[in-house]
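*Asks:* Structure for the following, please:
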Amino acid sequence: MQNQDKSQENSYVANESRYDTMTYKRTGKSGVLLPAISLGLWHNFGFVDDIENGRDILRTAFDLGITHIDLANNYGPPPGSAETNFGTILKQDFKAYRDELFIATKAGYGMWPGPYGDFGSRKYLISSLDQSLKRMGLDYVDVFYHHRYDPDTPLEESMGALADIVRQGKALYAGISNYGPDETQRAAKLLKDMNVPFILNQARYSMFDRWVEDGLLDTLNTHGVGCIAYSPLAQGMLTDKYLNGIPKNSRAGNESVFLNADIVQSNISKIQSLNEIAQKRGQKLSQMAIAWILRQPEVASVLVGASSSKQLKENVKSLDCLDFSQDELQKIEEIVT
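*Replies:* Presented below is the predicted three-dimensional model:
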């Protein structure tokens, strides 16, 4: 009867077995469990994209037990449009499931003209979240991040803004993103002193980009804070896309800001060697790359993007084989270092 009521409100009714197969990991020492794979809306959810495809991806994600949806104020393009489209889909399909979702947004990069639309001032962070909530049609988000450390604004001001946002009920938890070990240490102390639940640092992490291992993971472990890893596939290098060269319509082929042909060319032999290990494990290279990150106890979740439901399902299959032998780990280490 309950499902019938939901179907009258929405055309979408969630899969009843959505929590049966997803792996959930504790976020630091908090009470929050996140799905081992979370969905990021950085790409494919802007006004330039097909909203029905985005809707299909979100439905597929939730049916697979992916409860955590990650956004930021500037996701699109244009900036803000991913939040607007998400808000439309949320209202259509997920209104009845809001308490089952863990929704994040961020502010820290350029969003509007003038001195108050960027970086880490109290003015910017609070104004930005108010705008984000309106775009998504929400009263609160589950976690609000400062998207990047601002060396020109006192950290006390940025963290104080996060603290007040939590106290006002506009976010349940505070987070930071792209903060190094020292800044994270200072942020954690400030937020603890203000009695604010600080649970996540979102950081770039992949087999080809391991800076978090140089002190950040240890710092997070010390403070009981979880890590959520983004760009786990190194902008697509850790997939089968570049095994035989550089396709014309790929990011590297188009000389993306985030990936160019020279970087891919210098890593192709590594990509091919890693793929051989993945095949022996019965996985695609992308699936092994995700599983490799999840072996770290500090990592609560890996954030993936998806251009289709099929791609998302392939990523979730990473969870079918999370264990690595010492021999596999040693071989991977020899290849990537």
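*Asks:* Show the contacting residues for Lys270.
*Replies:* 208, 335-336 (Cβ atoms under 8 Å, 6 or more residues apart in numbering). Yep, even glycine has a C-beta here, placed from its N, CA and C like the rest.
*Asks:* So what does Ala96 have for phi and psi?
*Replies:* When quoted as degrees, to the nearest 10, the phi and psi of Ala96 stand at phi -70, psi -10.
*Asks:* That one and Ser121, how far apart?
*Replies:* 37 Å (Cβ to Cβ, to the nearest Å).
*Asks:* returning to what we had before: now the contacts of Lys270 as TSV including neighbour count, secondary structure and distance to Asp142?
*Replies:* Formatted as TSV, the contacts of Lys270 follow (neighbours: other Cβ atoms under 10 Å; DSSP: H, G, I helix; E, B strand; the rest coil; distance: Cβ to Cβ, whole Å):
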residue	neighbour count	secondary structure	distance to Asp142
Phe208	18	coil	30
Ile335	16	helix	37
Val336	17	helix	34
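*Asks:* just curious, which of those is nearest to Val196?
*Replies:* Closest to Val196 out of the contacts of Lys270 is Phe208 (33.9 Å), distances taken as Cβ to Cβ.
*Asks:* Quick check: the gap between that closest one and Gly215.
*Replies:* In this view, Phe208 and Gly215 are 19 Å apart by Cβ to Cβ.
*Asks:* doesn't Gln185 make contact with Leu155?
*Replies:* No: if you go by Cβ atoms under 8 Å, Leu155 and Gln185 don't touch, sitting 10.5 Å apart.
*Asks:* circling back to that earlier point, reformat the contacts of Lys270 as JSON lines; add pLDDT and distance to Phe47.
*Replies:* What follows is the contacts of Lys270, written out as JSON lines (pLDDT from 0 to 100; distance: Cβ to Cβ, whole Å):
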{"residue": "Phe208", "pLDDT": "96", "distance to Phe47": "32"}
{"residue": "Ile335", "pLDDT": "97", "distance to Phe47": "41"}
{"residue": "Val336", "pLDDT": "96", "distance to Phe47": "38"}
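*Asks:* Quick one: residues contacting Pro151.
*Replies:* Neighbour list for Pro151: empty [criterion: Cβ under 8 Å, 6+ apart].
*Asks:* a strand runs through it, doesn't it?
*Replies:* No: looking at Pro151 with DSSP: H, G, I helix; E, B strand; the rest coil, it is coil, so not inside a strand.
*Asks:* Ramachandran coordinates for it?
*Replies:* Here is the backbone geometry of Pro151 (degrees, to the nearest 10): phi -70, psi -10.
*Asks:* confidence score at it?
*Replies:* Looking at Pro151, its pLDDT reads 98.
*Asks:* May I see the buried residues of stretch 116-132?
*Replies:* 117-122, 124-129, 131-132 (16 or more other Cβ atoms under 10 Å).
*Asks:* Where does pLDDT dip in the stretch 101-250 of the chain?
*Replies:* By pLDDT under 70, the weakly predicted segments of the stretch 101-250 of the chain are 246-250.
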